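Engineer: Build the 3D model from these lines:
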Amino acid sequence: MQHRFRLNTIASLFVAGSATLAPHVFAAEAADLANGQLMDTVVVSGSRIAHPSQEVPASIDVVDSARIQDGQIRVNASEALAAVPGLVVQNRQNFAQDLQISSRGFGARSAFGVRGVKLISDGIPASMPDGQGQAATFNLDTAERIEVLRGPFSAIYGNHSGGVIQLFSKDGQNPPSVELNVVGGSYGTNKVDLTAQGQAGGIGYVLDGSRFRTDGFRDHSAATREQAFGKITVKPTADSKLTIVANSLHQGNTQDPLGATWATFARDPRAGETDASDTQNPKLTLAERYNTRKSIDHQQIGATYEQSFGDDRLHVMVYGGNRDVIQYQAFSKFLQNQTINGVLTHSGGVVDFQREFYGIDTNWLHVNQLAGGKLSTTIGIDYGRSSDDRTGYENYIGNTFGVKGKLRRDEQNVVSSLDPYIQAEWQSGPWLLSAGLRYSKMKVAVDDHYLSNGNDSGSLEFSHTTPVLGLLYKLTPNVNVYASAARGFEAPTLNELFYSGTGGGFNYQLKPATSTNLEAGIKARIANNTHVNAAVFQIKTNDELVVDKSSGGRTSYRNAGKTLRQGMEVSLDSNLPYGFTTKVALTSLHAVYDQAFGSVREGSRLPGVPSANLFAELAWKDTLDRFGAALESVASNQVYAEDSNIEKPAPGYTVFNARFNAKQNVGNWRFKEFARLNNLFDKTYVGSVIVGDSNKRYYEAAPGRNWLLGVSAQYSF
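Structural biologist: Have a look, this model is predicted:
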């Protein structure tokens, strides 16, 4: 099987950092350690036990608060996660549909939101029980770090864990402080954020509120987002800790620019697709004609409690919330009454649902000695439930479009999951052995109240056992090697079950995808100021869930036999002399259909998945941390937009970004400023694709050259 690694203008990428690496890595003894050391980062993802990331038999990267917050507007997780290998995070320039996030190819086909990758914030799920999540609920203004887990150990988190992204917010601490951040930039973009944090009477608190607004790069892509966040931490006893976290997200009438055909993108990357049925001159775009938009109201609260009993520990997490969504899609009124086998094929161009959700996860950690080593065993159970009151309406009244018309769908959808799990870790000398087992069961129930087009009520149940095994060996104090394996499980999400592709409603024929996941890697520390991690992996999947048909906001799915993902990830972090640092994250991924189906040939590449992508950065700051600057580059290979690979793929690209930072301390005040210039050379490129769109409106343009300016003032009491 031929495997070619291609990147556009690969030589230019290493100008941003790689050229400085080779002499440093292979002649590390000449490094000046006085310029700073890289410390091992402690992580909890994967093992549920705090470990230096170098001692976890899995691919895991940590994005620290500096990368998340310094020189960023802190609206999209894509700003910080671009530096993580194996992860593709695309800002679609469409706040109505959220980010596209894929981990080693899992999640790339998602039409909106995040699926195939588990999202967690402060230990509380940001993904629903069916696996669908929204990265927009992450509060980046208060983030302390983000842990990103890929590969076999993701399976211990159950259904839809092609990868795990965990955000941890900071705890309140003394001295108390108040901070105001103001950012402005291209396309009418601006954001104001106010944060207060501190401790009072042994209670830590963090409060944050922000308002973001943009006119958008693409036509009809304006958005307003308001977020609020609160966190309270308290230690009832010396051996216990209670954390309460609440957050809310409001997006009112967020415009949806939709995708464009290749001809439209080539003519004007910012333009939307015109409505062929419009007889006016000039013709309106589909987005304008139907005023495609989405409103979201999301509130969530959760609490975690930990009690230590010596080395043993009890952990309890509970959460609950609600989410209201109304979305206006582009779908012609002339197709509203189409039928297949006498059944209406569309439930209307307006989606309206009110969701309530809650869950609990409790586990017990027991530590004892076994065979001359330390054995840590965690046993727990995870339960989640969501209930949607869902309606659909025509998106017109008479000849007025983009308004709520007649009722076309009315039902209640309930999804629940119940997952018991056990995980054990044995460590002795240079060896670390980790194993886990999780039994995932997901139930879906539909209660159809709109019976004029037939009764669509019914239920489904999916279940699977996912074993995980990993082994790590310390070759030297600075070099660890590891291998891991797992069986994965990916049930259809609620949104993937909505349409059957042959008319009518729910698709009761879909099956879950199962996978076998193998990985081997090395983690090395060179001269205390360079970390190098490398991993190779293979994933074989049966019954892969793929897009069957996608048109007018209505996407149906099918199972498609076998797929194969083989790849390599390399990351390098290094502190160089004279205040310079460099970071490189490189991914090569061969993701193909390993079995033909329909018109798709064996060997066709999975859509939405680049075969290679690269992040490289060269940064500098002075010894007093008053000034800083960085040049970064992001590159990606071409991306196919549909399964057959016949249509024009989104071409590969390389873009460069630059940022500048400054800090000043005056008494109790701390001031920060930054300037950021993205896409320095004004590259025109497709930033993301809509997989499988039947109208061939696959392409979503990325912005040209654009800028951001930000200032902040913090006062400590």
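
Engineer: contacting residues for Val415?
Structural biologist: Val415 makes contact with Met128, Pro129, Asp130, Arg385, Ser386, Ser387, Met442, Lys443, Val444, Ala445, Leu494, according to CB atoms under 8 Å, 6 or more residues apart in numbering. Every residue, glycine included, has its C-beta placed from N, CA and C.

Engineer: same thing but at 10 Å, please
Structural biologist: Residues in contact with Val415, defined by CB atoms under 10 Å, 6 or more residues apart in numbering, are 128-132, 355, 357, 384-388, 442-445, 460, 491, 493-494, 497.

Engineer: Restricted to helices, list those.
Structural biologist: Among those, the members found in helices (DSSP state H) are Leu494, Leu497.

Engineer: What ranges does the stretch 151-300 of the chain have for its strands?
Structural biologist: With strands called from DSSP state E, counting those that start in this stretch, the stretch 151-300 of the chain shows them at 163-169, 177-185, 189-200, 203-214, 223-234, 240-255, 293-309.

Engineer: thinking again about what came up before, filter the contacts of Val415 to the buried ones?
Structural biologist: The neighbour-count test (16 or more other CB atoms under 10 Å) marks 128-132, 355, 357, 384-388, 442-444, 460, 491, 493-494, 497 as buried among the contacts of Val415.

Engineer: now Ser248: how far from Ala527?
Structural biologist: Noted for Ser248: a distance of 47 Å to Ala527, by CB to CB, to the nearest Å.

Engineer: Ok, Asp122 next?
Structural biologist: According to CB to CB, Asp122 stands 35 Å off from Ala527.

Engineer: Among the strands of the stretch 151-300 of the chain, which comes closest to Ser636?
Structural biologist: The closest of the strands of the stretch 151-300 of the chain to Ser636 is strand 163-169. By CB to CB, the value is 17.8 Å.

Engineer: name the helices or strands packed onto the closest one?
Structural biologist: strand 59-64, helix 65-69, strand 87-90, strand 100-103, strand 118-121, strand 143-150, strand 240-255 (3 or more CB pairs under 10 Å, 6 or more residues apart in numbering; DSSP states H and E).

Engineer: Most tightly packed of the ones you listed?
Structural biologist: Among those, strand 100-103 has the highest mean neighbour count (mean count of other CB atoms under 10 Å), at a mean of 27.

Engineer: Could you pull up the mean pLDDT of that strand?
Structural biologist: The pLDDT scores in strand 100-103 average 92.

Engineer: How far off centre is that strand?
Structural biologist: Put simply, strand 100-103 sits 5 Å off its chain's centre (CA atoms, centre = their mean, to the nearest Å).

Engineer: C-alpha coordinates for that strand, PDB please?
Structural biologist: Taking Å, rounded to 0.1, in the frame of the first residue of the first chain, the C-alpha atoms of strand 100-103 are listed here in PDB:
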ATOM      1  CA  GLN A 100     -14.900  20.800  13.300                       C
ATOM      2  CA  ILE A 101     -12.700  18.600  15.500                       C
ATOM      3  CA  SER A 102     -11.300  15.300  14.500                       C
ATOM      4  CA  SER A 103      -8.800  13.000  16.300                       C
END
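
Engineer: Going forward, count from 50.
Structural biologist: OK, 50 is where the count begins now, so the last one is strand 149-152.

Engineer: I'd like to know which elements it is packed against.
Structural biologist: Counting contacts by 3+ CB pairs under 10 Å, 6+ apart, strand 149-152 packs against helix 127-130, strand 136-139, strand 192-199, strand 212-218, strand 735-738.

Engineer: got the angle for the third one vs strand 212-218?
Structural biologist: If I follow you right, that is strand 192-199. 170 degrees (axes from the mean of the first three to the mean of the last three CA atoms, to 10 degrees).

Engineer: Export the helices and strands packed on strand 212-218 to JSON lines and append columns for distance to Asn662.
Structural biologist: What follows is these, written out as JSON lines (distance: least, CB to CB, whole Å):
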{"stretch": "strand 108-113", "distance to Asn662": "14"}
{"stretch": "helix 114-118", "distance to Asn662": "17"}
{"stretch": "strand 136-139", "distance to Asn662": "6"}
{"stretch": "strand 149-152", "distance to Asn662": "11"}
{"stretch": "strand 167-170", "distance to Asn662": "21"}
{"stretch": "strand 192-199", "distance to Asn662": "14"}
{"stretch": "strand 289-304", "distance to Asn662": "28"}
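
Engineer: Tabulate the strands of the stretch 200-349 of the chain (JSON lines), appending distance to Leu518 and mean pLDDT.
Structural biologist: What follows is the strands of the stretch 200-349 of the chain, written out as JSON lines (distance: least, CB to CB, whole Å; pLDDT from 0 to 100):
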{"stretch": "strand 212-218", "distance to Leu518": "17", "mean pLDDT": "96"}
{"stretch": "strand 226-234", "distance to Leu518": "45", "mean pLDDT": "98"}
{"stretch": "strand 238-249", "distance to Leu518": "41", "mean pLDDT": "97"}
{"stretch": "strand 252-263", "distance to Leu518": "38", "mean pLDDT": "97"}
{"stretch": "strand 272-283", "distance to Leu518": "35", "mean pLDDT": "97"}
{"stretch": "strand 289-304", "distance to Leu518": "31", "mean pLDDT": "96"}
{"stretch": "strand 342-358", "distance to Leu518": "27", "mean pLDDT": "97"}
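
Engineer: for Phe155, what are its contacts?
Structural biologist: 164-166, 199, 203, 209-212, 537, 539, 562, 564, 588, 590, 614, 640, 655, 658 are the contacts of Phe155 under CB under 10 Å, 6+ apart.

Engineer: Just the buried subset of those residues, please.
Structural biologist: 164-166, 199, 203, 209-212, 537, 539, 562, 564, 588, 590, 614, 640, 655, 658.

Engineer: among those residues, which are in helices?
Structural biologist: With helices defined by DSSP H, no entry of the buried ones among the contacts of Phe155 lies inside them.

Engineer: so where do the helices sit in this protein?
Structural biologist: 59-62, 71-75, 114-118, 127-130, 311-316, 335-338, 543-546.

Engineer: Which one, of those helices, ends up nearest to Gly359?
Structural biologist: Of the helices of the chain, nearest to Gly359 by CB to CB is helix 114-118, at 32.0 Å.

Engineer: and that closest one, C-alpha only, in PDB?
Structural biologist: Extracted as PDB, the C-alpha positions of helix 114-118 are listed here (Å, rounded to 0.1, in the frame of the first residue of the first chain):
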ATOM      1  CA  SER A 114      -2.700  28.700  29.800                       C
ATOM      2  CA  ALA A 115      -0.100  30.800  28.000                       C
ATOM      3  CA  ARG A 116      -0.900  29.200  24.700                       C
ATOM      4  CA  ILE A 117      -4.600  29.300  25.300                       C
ATOM      5  CA  GLN A 118      -4.800  33.000  26.500                       C
END
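
Engineer: who's in contact with it?
Structural biologist: Under CB under 10 Å, 6+ apart, the answer for helix 114-118 is 121, 123, 126, 128-133, 187, 189-195, 216-219, 230, 632, 666, 668, 670, 677, 710, 721, 723, 761.

Engineer: Figure out how far that helix is from the centre of its chain.
Structural biologist: Taking CA atoms, centre = their mean, one finds the center of helix 114-118 at 17 Å from the center of the full chain.

Engineer: check contacts around the spatially most central residue of the chain.
Structural biologist: Centroid-nearest residue in the chain: Ile150, 4.3 Å away (criterion: CA atoms, centre = their mean). By CB under 10 Å, 6+ apart, Ile150 lies in contact with 126-127, 130, 136-139, 156-157, 159, 162-166, 168, 182, 184, 211-212, 214.

Engineer: most packed of the strands of the stretch 200-349 of the chain?
Structural biologist: Neighbour counts (mean count of other CB under 10 Å) averaged over each of these peak at strand 212-218, with a mean of 25.

Engineer: What score does the residue lying closest to Tyr702 once chain neighbours are set aside have for pLDDT?
Structural biologist: Setting aside the residues directly before and after it, Tyr702 is nearest to Tyr734 in space (CB to CB, 6 or more residues apart in numbering), at 3.9 Å. Turning to Tyr734, the model gives it a pLDDT of 97.
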